[in-house]
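Asker: What follows is a predicted structure for the sequence shown.
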Amino acid sequence: QVQLVESGGGLVQAGGSLRLSCAASGRTFNRAGMGWCRQAPGKEREFVASINWSGSSTNYADSVKGRFTISRDNAKNMVYLQMNSLKPEDTAVYYCAAGLGVGIFSRPADFGSWGQGTQVTVSS
């Protein structure tokens with residue numbers, strides 16, 4: 001089991017940037033693929049990005065490809081999401097998640113452990 005705590009959310013103008021951080025604890029972190037998902041009000045939770053256990057492979061939703069970058073530091077038990085060129089439609093609660101395996105993922109159902117979420121609001 002992996003415990004996850006997100007930070008770094010906030011209010012930013014369209015076109016701006018934010019960096020989300022996720023602190024992980026638990027013996028299995030270094031053997032888990034990790035990811036980020038988001039949920040906007042009234043919408044289902046959606047996949048954003050994932051990274052495999054070593055950091056050598058990543059996967060992104062089409063809506064964020066080229067703007068967001070996921071990374072991890074296994075020595076520090078950290079996962080990051082760098083978000084650039086933010087748009088109002090990126091407004092959501094962002095969740096860090098640990099996958100049900102070592103690879104990359106593409107659906108919220110692929111993740112087994114979740115953080116509490118951090119709010120990102122992008123104003124137009």
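Answerer: That came through, no problem. Everything numeric here is computed off the predicted structure, so don't read it as measured data.
Asker: Least confident secondary structure element in the chain?
Answerer: Of the helices and strands making up the chain, the lowest-confidence element is strand 111-114, at a mean of 94, by mean pLDDT, DSSP states H and E.
Asker: Name the residues of the following helix or strand past it that come out as buried.
Answerer: The C-terminal neighbour of strand 111-114 among helices and strands, as given by DSSP states H and E, is strand 118-123. Neighbour-count burial for strand 118-123, counted by 16 or more other CB atoms under 10 Å, picks out Thr118, Val120, Val122. Where C-beta positions appear, they are placed from N, C-alpha and C, glycine not excepted.
Asker: and the least confident helix or strand of the chain, C-alpha only, in PDB?
Answerer: Provided in PDB are the C-alpha atoms of strand 111-114 (Å, rounded to 0.1, in the frame of the first residue of the first chain):
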ATOM      1  CA  PHE A 111      -4.900   3.000 -10.100                       C
ATOM      2  CA  GLY A 112      -5.300   1.500  -6.600                       C
ATOM      3  CA  SER A 113      -4.200   4.200  -4.100                       C
ATOM      4  CA  TRP A 114      -5.200   7.900  -4.200                       C
END
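Asker: ok, and what's touching it?
Answerer: Contacts made with strand 111-114 from outside it, assessed by CB atoms under 8 Å, 6 or more residues apart in numbering, are listed as 1-4, 35, 37, 95-100, 105.
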